[in-house]
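Q: the following block contains a protein sequence and its predicted model.
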Amino acid sequence: QVHLVESGGGLVQAGGSLRLSCAASGLTFSSYAMGWFRQAPGKEREFVAVISRNAGRTYYTDSVKGRFTISRDNAKNTVYLQMNSLKPEDTAVYYCAGKRASYSTTIYYNANEYDYWGQGTQVTVSS
């Protein structure tokens, strides 16, 4: 059974930093592209960042470029999201997701393409 478990969320002041982790089990982690999504109250879930199987390719939504960094450690079956210069508009529940990828550099932006999801971790940024 596949499990994705996020951690690292919390309450932080604007300008602060958080590092989210997502630990995966029950799958061959190195075969999966991994993404981070977020959902704010009253809004649809939105794409944040994605990293390819081999970590050779990443992509970010425009609103987080230059502030967030996605990375992965295939030996630890874990994907990370380093979030710096946080803004109140970053407040949301953050979800990690995994998509089995045929090619080592393929990335996915659409939530509907992902195979597995975590339960989410709350990030709250106060002004």
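A: That came in fine, so what should we check first? Residues are numbered from 1 along each chain as shown.

Q: buried residues of the host helix or strand of Glu6, list them for me.
A: Taking DSSP states H and E as the definition, Glu6 sits inside strand 3-7. Of the residues in strand 3-7, Leu4, Glu6 count as buried by neighbour count, 16 or more other Cβ atoms under 10 Å. C-beta here means a position set from N, CA and C on the backbone, and glycine is covered the same way.

Q: partner strands of the helix or strand just after that strand, with direction?
A: Past strand 3-7, further along toward the C-terminus, the next helix or strand under DSSP H and E is strand 10-13. The strands beside strand 10-13 in its sheet (DSSP bridges) come out as strand 121-126 (parallel).

Q: export the partner strand as PDB, just CAs?
A: The C-alpha coordinates for strand 121-126 follow below in PDB (Å, rounded to 0.1, in the frame of the first residue of the first chain):
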ATOM      1  CA  THR A 121       0.100  19.700   5.900                       C
ATOM      2  CA  GLN A 122      -1.100  23.200   6.900                       C
ATOM      3  CA  VAL A 123       1.100  26.200   6.300                       C
ATOM      4  CA  THR A 124       0.000  29.500   7.800                       C
ATOM      5  CA  VAL A 125       1.800  32.700   7.200                       C
ATOM      6  CA  SER A 126       0.900  35.600   9.300                       C
END
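
Q: what residues does that strand touch?
A: 6-14, 16, 18, 20, 38, 83, 86-94 (Cβ atoms under 8 Å, 6 or more residues apart in numbering).

Q: again, but for stretch 62-73
A: 34, 36, 48-51, 55, 58, 60, 78-86, 89-90.

Q: mind listing what's buried in the helix or strand containing Cys96?
A: In the assignment (DSSP H and E), Cys96 maps to strand 92-100. Buried residues in strand 92-100, defined by neighbour count with 16+ other Cβ under 10 Å: Ala92, Val93, Tyr94, Tyr95, Cys96, Ala97, Gly98, Lys99.

Q: can I get those residues in JSON lines with distance to Trp117 and pLDDT?
A: Output for these, formatted as JSON lines (distance: Cβ to Cβ, whole Å; pLDDT from 0 to 100):
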{"residue": "Ala92", "distance to Trp117": "15", "pLDDT": "98"}
{"residue": "Val93", "distance to Trp117": "11", "pLDDT": "98"}
{"residue": "Tyr94", "distance to Trp117": "11", "pLDDT": "98"}
{"residue": "Tyr95", "distance to Trp117": "6", "pLDDT": "98"}
{"residue": "Cys96", "distance to Trp117": "8", "pLDDT": "98"}
{"residue": "Ala97", "distance to Trp117": "5", "pLDDT": "98"}
{"residue": "Gly98", "distance to Trp117": "8", "pLDDT": "98"}
{"residue": "Lys99", "distance to Trp117": "10", "pLDDT": "97"}
